Each structure stands twice: as C-alpha cells, then as structure tokens.
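Visitor: the following comprises the amino acid sequence and a computationally predicted model.
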Amino acid sequence: MSGERPIGVIGVGWVGLVTATCFAELGHQVIAMDIDAKKIRSLNRRKVPIHEPGIDQLLERNAERLTFTTEMEDVLESARLLFCCVDTPPTYSGDADLSRVQAVVGQLADNGDHALIMKSTVPSGTGRAIRRDASDVAYVSCPEFLKEGTAVNDFLHPDRVVIGADAGAEWAADEVEAIYRPLGGEMVRTDVASAEMIKLAANAFLATKISFINEIANVCEEVGADVTEVARGMGLDKRIGPSFLRAGVGYGGSCFPKDVSALKQLAGNTGYHFQLLTAVIEVNELQKRRVIGKLQKHLGALAGKTIALLGLAFKPDTDDIREASSLVLAARLQGEGAKVRGYDPVAEGPAGKLLPTVELSGSAEEALDGAHAAVLVTEWPEFAELDWASMRDRMATPLVVDGRNFLDPKSLRDAGFAYEGIGLTSSDAQAGESAAEAESAEARSR
Ligand code: UGA
C-alpha cells in the first residue's frame, strides 16, 4: 500500500487517534491533523495524550506510517480521503455543536478531488447540508461504534461497518469499504441520512437498555428480587441479548448523554416529541442520585460525614470523567453537607479540573481512611482486589454502597460490612446491615 495516497484524518481527539493509528496498523500511510499544536507536538514525540489501552503500542509500531501536522494544507495536498473526526459537543439547547465540522468543510469547498468521510457524530441531515455548501466534495457517512477503553479492539474487530453515500459519492464509499474490508464484520452500505441515524439510534437504544434495567433494579429492591439474576434470565433470550443490562448508578461519558439528547432534540426540531428518550434521560439523572438514599438509610443525615468515592471516570480503563456519575454524586453529597473524597487509578488529572472541591486521594486506602462510607462508582478491577477486611478497621463506619454491583456481597458481609448494591435482593442488604448495625446506629447518633 506504499504507492497509494495517504489517508487524511482531521481531528486527533480520541476517535481520530484510534482511527489514525488503526489505519496505520492496517498498512496505510496516514496524515493526521489537529489545530491543537501541543497535542501534535506530543504525538510527534510519540507521546499519547489520552488514556486508551493499546494506542501507545500502535503508535510506536507504526511510527513511520504516521505523520502529524497542524496544517490542513499538508493534508489536502497529499490525501484524497479525509476522515473527519472533530468533536460535536452538545449546545445548551441539546443540539450538537457543528461549528468544528463546519470549519473543516469551509476549507474544502470547491475542491472536487477530495472525499469527506464523516466519523464525527452528527445529526441526521448534516450530510445533506454539507453537500449543499460544498457540492464538489464527495461525502460519505461512516459512523464509529468504538467504546472507550476497548476502542482499538472494537476498531480492529467491528460487528459491522456502516457506510452511507448518495449518488455521486459511490467511488469514495467503495474506497472506504476497501479500507475496512480486511477487518471483517458486516458491511452496511446505505444512504447518508440512514447512516447518520444508525449511529444515533444505536447509542440511544443502548442507553435505553441501561435505563430500563436500572428501573427494573429499582423495582427489584421493592419486591425482593435480584436484578443480576433478572438480567441473566432476560439476556439469554436471543431477542434481548445479555449486553448493556448491568444495573448501576447510570450511564455517563462523552457519548450517550450527548447523543441521546441530540436525537431527542433532532426529533423535537421537526415537531416530534420523542417521549421514550425523555424518560431514558430522566431515569438516568435520578439513578445517579439514588446512592444518597442508600447512605442516609445507614448513616442518617450526611452533614459532616466523610464519603469516599472509589472511581471517578465514567467507566473503567479511561481517564474520561465527562458526564460521569461521580460528578453528580459528589455535588449531591456536598449539597447534603458531606465531605467528599475521591480516588481514581488514572483520572486524577481530569478530576482535579472537573471536581475541584473533592479531596483527591492517592490510593483507595487513603480515601477510605476514617471514611463513613465507601461508594464504588467505577468498577476498576483494583477495587475488587482491595483487602476489605483491613479497610474495615480504617473506616469510621463499615459501609459499602456498590454502585456497579461489582464487589462480592458475601465476602464484604463476612468482613463485617453493611453492603448495599443496586437492585439486589433485600436479604443481601439486610445481612450486611445486621453485621454493622451497631456501628451504623452509633454513626447516626454522632
Ligand atoms: C458508547 C457506545 O457503546 C459506542 O458504541 C459508541 O461508539 C460510543 O458511545 C460513541 O458514541 O462514541 P462509550 O461511551 O465509550 O461507548 O462507553 P460504554 O461502554 O458504552 O458505556 C457508557 C456508559 O454506560 C458508562 O458509564 C457505563 O458504565 C454505562 N453502562 C454500560 C451501564 O451502566 N450499564 C451497562 O450495562 C453498560
């Protein structure tokens, strides 16, 4: 593939960097551009500015196939296919902010040689609007379905590759298909508007599954059922499937909250009220707050109590805390007058910026020292490996609220903790409560 023109990648955020390094891994020359000079300098020194497993190795292994630049002209001169990976953050109205996409398009107009391949998540209809403004540019929608933390593996082993193109852009869609074909996975060739909608609908459906199982979990708590058993029994039905049925303290991250509200807003802009997504969003917001009630059940008023949040990232294997449940939880706890400590194995830097009033600890042990409760917010494996028996002696009250149903209730109960999960049988919670009842009662009276 050395004789071919390089592939252009515009925007070297998380999606762009995964895309660029994986294309290089497939043997392509790649020229990647970003307006952030600091990021480009760092990448040219082969330093990865994000936490994503596998990227370091890909960057090192394919260094000679990867060029990083701040100049759009460099990309336009050498590449024909331009993969647009700039971000589309939410605006106050819930619409996606397309200004960065528009800035890219502005530099392409009147350039018939190029194809713009949209990987950024954009509302349905964006492709049509772009073709209106830059009619010479072939436009292809190729949404990404990568998950943070497993993005490299997801890229290299896709379930499907969606490629949307309208009349006149088939040549570009064929070239994109040829790039992705060696990876396997079903090819979904369709029109641009449908490809755009597939992305938003897929994320909205996954978020709906999570809010659904969270509501089931809340009902399980009322009727004495165990949501993990319920999810297992449901998930074995092939029509339902086992994924995304883990109850917890809600979904977060830079994608689901943004995309669900963008789809709701997109529908609203056309006059259609997307009732189901309104509920999905509300359930998720309330779910992040349910931990407060569980703490109060054991500790009474939270004013003056120290609560340790274990895990701040929106999920394990990432340092991303955007829209993480930890943000809402920390603010609610502080609103109740509690002192909040936090520990995350990798998200300390971002947490320092987004959680300025939370006391950040250097280890789980440090966070738990003298704490009245531990709240597990992110299921980092190291929290399961903690020596919980010795944590019991460090803490002021032996109370664990497991926001991800990740720890083993029995061993925590055996170690003398009161244990609360999400949607677990009341017998677990009751057994845990009795073990620490005396201390909880004492804490309440303090
Ligand atoms: C999500 C989608 O899964 C990707 O397919 C998509 O490409 C990406 O958004 C995107 O649009 O860029 P991501 O946000 O990285 O990926 O993370 P997920 O693994 O989907 O998790 C999202 C949130 O849902 C996390 O907070 C996680 O803890 C939560 N979750 C996930 C649950 O609460 N329960 C589950 O069963 C699964």
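Guide: Nice, thanks for sending it over. Source: prediction; values computed, not measured.

Visitor: quick one: low-confidence ranges for the chain?
Guide: Applying pLDDT under 70 to the chain flags the ranges 1-3, 109-112, 426-446.

Visitor: what does it have sitting close to the ligand?
Guide: 121, 144-148, 203, 206, 210, 244-246, 248, 251-253, 255-256, 259, 314-315 (C-beta under 6 Å from any ligand atom). The way it works is simple: take the backbone N, C-alpha and C, and place the C-beta from them, glycine included.

Visitor: is it true that Cys85 touches Ile7?
Guide: No - Cys85 is beyond contact range of Ile7, at 11.6 Å (criterion: C-beta atoms under 8 Å).

Visitor: for Phe205, phi and psi?
Guide: phi -70, psi -40 (degrees, to the nearest 10).

Visitor: got it, and Glu359?
Guide: With angles defined as degrees, to the nearest 10, Glu359 sits at phi -80, psi 110.

Visitor: on the three-state scheme, the closest residue to it other than its chain neighbours is what?
Guide: Nearest residue to Glu359, sequence neighbours excluded (C-beta to C-beta, 6 or more residues apart in numbering): Arg341, at 4.8 Å. Secondary structure, DSSP: H, G, I helix; E, B strand; the rest coil: Arg341 is strand.

Visitor: confirm for me that Arg341 is in contact with Ile307.
Guide: Yes - in this structure Arg341 lies within contact range of Ile307 using C-beta under 8 Å: 7.2 Å.

Visitor: looking at those two, which is more packed in?
Guide: Ile307 (27 against 22; other C-beta atoms under 10 Å).

Visitor: and the residue in the stretch 1-150 of the chain positioned nearest to the ligand, what does it touch?
Guide: Nearest residue of the stretch 1-150 of the chain to the ligand (C-beta to the nearest ligand atom) works out as Glu148 at 3.5 Å. Taking C-beta atoms under 8 Å, 6 or more residues apart in numbering, we find Glu148 in contact with 14, 52, 253, 314-315, 317-318, 320.

Visitor: and Arg189, by the same measure?
Guide: 163-165, 173, 177.

Visitor: measure the residue nearest the centre of the chain to Phe68 for me?
Guide: Centroid check for the chain by C-alpha atoms, centre = their mean gives Gly253 as the closest residue, at 3.6 Å. With distances taken as C-beta to C-beta, to the nearest Å, Gly253 is found 26 Å from Phe68.

Visitor: what's the answer for Gly335, then?
Guide: Gly335 is 44 Å from Phe68, by C-beta to C-beta.

Visitor: what of Asn44?
Guide: According to C-beta to C-beta, Asn44 and Phe68 sit 5 Å apart.

Visitor: next one: Gly416
Guide: To Phe68, Gly416 is 54 Å away according to C-beta to C-beta.

Visitor: of the two, who's got more company?
Guide: Neighbours were counted for Gly416 and for Phe68 using other C-beta under 10 Å; Phe68 has more, 23 against 15.

Visitor: and the more buried one, helix, strand or coil?
Guide: Three-state call for Phe68 (three-state DSSP): strand.

Visitor: got a list of what it touches?
Guide: 12, 31-34, 40, 43-44.

Visitor: adding distance to Val346 and neighbour count, write those residues out as JSON lines.
Guide: JSON lines is the format used below for the contacts of Phe68 (distance: C-beta to C-beta, whole Å; neighbours: other C-beta atoms under 10 Å):
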{"residue": "Val12", "distance to Val346": "20", "neighbour count": "27"}
{"residue": "Ile31", "distance to Val346": "30", "neighbour count": "24"}
{"residue": "Ala32", "distance to Val346": "24", "neighbour count": "28"}
{"residue": "Met33", "distance to Val346": "27", "neighbour count": "26"}
{"residue": "Asp34", "distance to Val346": "22", "neighbour count": "22"}
{"residue": "Ile40", "distance to Val346": "23", "neighbour count": "19"}
{"residue": "Leu43", "distance to Val346": "19", "neighbour count": "23"}
{"residue": "Asn44", "distance to Val346": "24", "neighbour count": "13"}
